[in-house]
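Participant: the following comprises the amino acid sequence and a computationally predicted model.
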Amino acid sequence: VEKVVKETVVVEKEVVVEKQVKPAQKPIVRLWHNWTGGVGSYANALTVLAERFNEAHTDIYCDLTYIALTGGTQASEKLMASIAGGIPPEATFFDRFLTATWAARELLTDLTPLADQSGITEDMFFPFAWGESTYKDKLYTIPWDTDGRKLYSDVAALKEAGFHEPPKTWDEMDAYAEKLTIEEGGRLKQLGFVQWYGSWLPTWAHVAAGKSQNVMWDFEKETCAVNTEPWIEAAEWLLSYAEKYDVERIDSFTSAFGQETLSPFCMGQLAMRWGGSWMMGLYDKWCPEKEALVSHAPGPDGPSKINMAGGWSTTIPMGVPDNMLDPAWEVLLFYHSPESQDYFFKETTNWPVLVEVTKDPFYSDTPGKKVFWESLSEQWNRPSIPEIQLLCTEINKAQDLIIHGKKRPKEALDETARVVNEAMEQWR
């Protein structure tokens, strides 16, 4: 009886497919993504592009499908299981920084031959995006977007404290943070600034190093570089705030922060904070009455355009049949075309990584957007190594130990380097 039921389910699924007008002779490219939302969302814009593709192509059908990420991660267990089971989707969106992790484990298709045939080249993209999409000089994902990070300052709070422009150096930030931190009845009412809220140690290590290339991993020496001088300098700066303002008080204060209209910046609980490019739109929505000034990072000796670039990509998972590689690639080429990119990023909040598309004045038509736009060529990516997730996890551990006084910066970062170097031995 069980067998009959299963066969009936299969037949019903086949009938549904036919009713959706997806002829058997027409290749169906399942394109997975992980976003939800209505007008202005990634999900809505991707759906529009799928409809445009299907209208323009009579020989291929793009079946855009939502698949949730696994909780607490930037990946999907369902995607990994589908690859292991030999039934992966023909194409998927993929968190770009995990490219090397999956490529090294033979979970992604080498896209280099397809890219070469189509004229997809490195110089079409910003260096940070292309670098993160490659592993051992082979292309495994196509860069999709990015999201820079900058300093947001509450203009009214700055003026009240006697400041008329954002801080440009770490010394200036120290002075601003002290004056902008307000207590009432022995309790924090407003925090001037804290480096690890909305940011993390690598941000300030790259600023200290003065390099827009990654300084997390030394590719020439094949060793973890987080225990070098710029990292120790940045860690000492974070520690100085943890000690001066009492990290336990900061933890207690920040743990009560709300979301959306009750966000700490909107509520006047944070005078300055590090935040992503998407937050310009959120603050316009949540607290339009508040004037937020966007500026470059303060550095040891002056302002720095250097900042971390996150972002997504598209790819073809390992195990897609040979006869479906070209149809899947055709769908991805359509999504990555300048026309599709122009539509998508004018509808949503992040930034394209196709250099040609970013030349549109749209991306620099406000003071805030211009700050992000002029830094696109100065962004750094997390290194393309198989153990990048472990490296990020260990850096976060070290940062927590440092600011809570459990280990000195050099000791904590030496341990991070040791753990990551040991894990990377299998890939050498």
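Facilitator: Received, thanks. Numbers count the residues shown, from 1 in each chain.
Participant: and stretch 147-158, C-alpha only, in PDB?
Facilitator: The C-alpha trace of stretch 147-158 is given here as PDB (Å, rounded to 0.1, in the frame of the first residue of the first chain):
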ATOM      1  CA  ASP A 147      27.000  46.200   1.000                       C
ATOM      2  CA  GLY A 148      29.600  48.600   2.300                       C
ATOM      3  CA  ARG A 149      29.900  49.800   5.900                       C
ATOM      4  CA  LYS A 150      30.500  53.300   7.200                       C
ATOM      5  CA  LEU A 151      30.200  55.600  10.300                       C
ATOM      6  CA  TYR A 152      26.800  57.000  11.000                       C
ATOM      7  CA  SER A 153      26.600  60.100  13.200                       C
ATOM      8  CA  ASP A 154      23.600  61.700  14.800                       C
ATOM      9  CA  VAL A 155      24.000  65.300  13.600                       C
ATOM     10  CA  ALA A 156      21.900  66.700  16.400                       C
ATOM     11  CA  ALA A 157      23.900  64.900  19.100                       C
ATOM     12  CA  LEU A 158      27.200  66.000  17.500                       C
END
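Participant: tell me the buried residues in that stretch?
Facilitator: Judged by neighbour count using 16 or more other Cβ atoms under 10 Å, the buried positions of stretch 147-158 are Asp147, Gly148, Arg149, Lys150, Leu151, Tyr152, Ser153, Asp154, Val155, Ala157, Leu158. Where you see a C-beta, it was placed from the backbone N, CA and C, and this is true even at glycine.
Participant: ok, the residues you listed vs Ser199, which is closest?
Facilitator: For those, the minimum distance to Ser199 (Cβ to Cβ) is 6.9 Å, reached by Arg149.
Participant: residue contacts, the closest one?
Facilitator: Counting by Cβ atoms under 8 Å, 6 or more residues apart in numbering, Arg149 makes contact with Gly198, Ser199, Thr203, Trp274, Gly275, Gly276, Ser277, Asn307, Met308.
Participant: check which residues of stretch 41-52 are buried.
Facilitator: Buried, per 16+ other Cβ under 10 Å, within stretch 41-52: Tyr42, Ala43, Asn44, Ala45, Leu46, Leu49, Ala50, Arg52.
Participant: got it, and stretch 303-321?
Facilitator: By neighbour count on 16+ other Cβ under 10 Å, the buried set for stretch 303-321 is 303-320.
Participant: with stretch 339-348 instead?
Facilitator: By 16+ other Cβ under 10 Å, the buried positions in stretch 339-348 come out as Ser340, Gln341, Asp342, Phe344, Phe345, Glu347, Thr348.
Participant: now that stretch - C-alpha only, CSV.
Facilitator: The C-alpha trace of stretch 339-348 is given here as CSV (Å, rounded to 0.1, in the frame of the first residue of the first chain):
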residue,chain,number,x,y,z
GLU,A,339,20.0,45.7,-17.9
SER,A,340,18.9,43.2,-15.1
GLN,A,341,21.3,44.6,-12.7
ASP,A,342,20.2,48.2,-13.4
TYR,A,343,16.6,47.2,-12.7
PHE,A,344,17.3,45.1,-9.6
PHE,A,345,19.5,47.5,-7.7
LYS,A,346,17.3,50.6,-8.3
GLU,A,347,14.5,48.6,-6.8
THR,A,348,16.4,47.3,-3.7
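Participant: name the residues that touch it?
Facilitator: Outside stretch 339-348, the residues that reach it (Cβ under 8 Å, 6+ apart) are 40-42, 44-46, 48-49, 52, 145, 334, 351-352, 354, 357, 360, 362-363.
Participant: next step: these restricted to helices.
Facilitator: Using DSSP state H, the subset of those located in helices is Tyr42, Asn44, Ala45, Leu46, Val48, Leu49, Arg52, Phe334.
Participant: for those residues, which two are the farthest from each other?
Facilitator: Asn44 and Phe334 (17.3 Å).
Participant: quick check, nearest of the buried residues of stretch 41-52 to Glu291?
Facilitator: Set against Glu291, the nearest of these by Cβ to Cβ is Tyr42 (28.0 Å).
Participant: which residues touch the closest residue to that closest one other than its chain neighbours?
Facilitator: In space, Tyr42 comes closest to Trp35 once its chain neighbours are excluded; the distance is 3.9 Å by Cβ to Cβ, 6 or more residues apart in numbering. Trp35 is in contact with Ser41, Tyr42, Ala43, Leu46, Tyr66, counting by Cβ under 8 Å, 6+ apart.
Participant: can I get those in TSV including pLDDT?
Facilitator: Output for the contacts of Trp35, formatted as TSV (pLDDT from 0 to 100):
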residue	pLDDT
Ser41	89
Tyr42	92
Ala43	94
Leu46	97
Tyr66	94
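Participant: list just the nearest of those residues to Pro383.
Facilitator: Distances from Pro383 to the contacts of Trp35, taken by Cβ to Cβ, are shortest for Tyr42, at 26.2 Å.
Participant: so that closest one touches His33, yeah?
Facilitator: Yes - if you go by Cβ atoms under 8 Å, Tyr42 and His33 touch, sitting 7.4 Å apart.
Participant: distance of Ala91 from Pro352?
Facilitator: Distance, Ala91 to Pro352, by Cβ to Cβ, to the nearest Å: 19 Å.
Participant: typed the wrong thing, it's Thr315
Facilitator: Separation of Thr315 from Pro352 (Cβ to Cβ): 18 Å.
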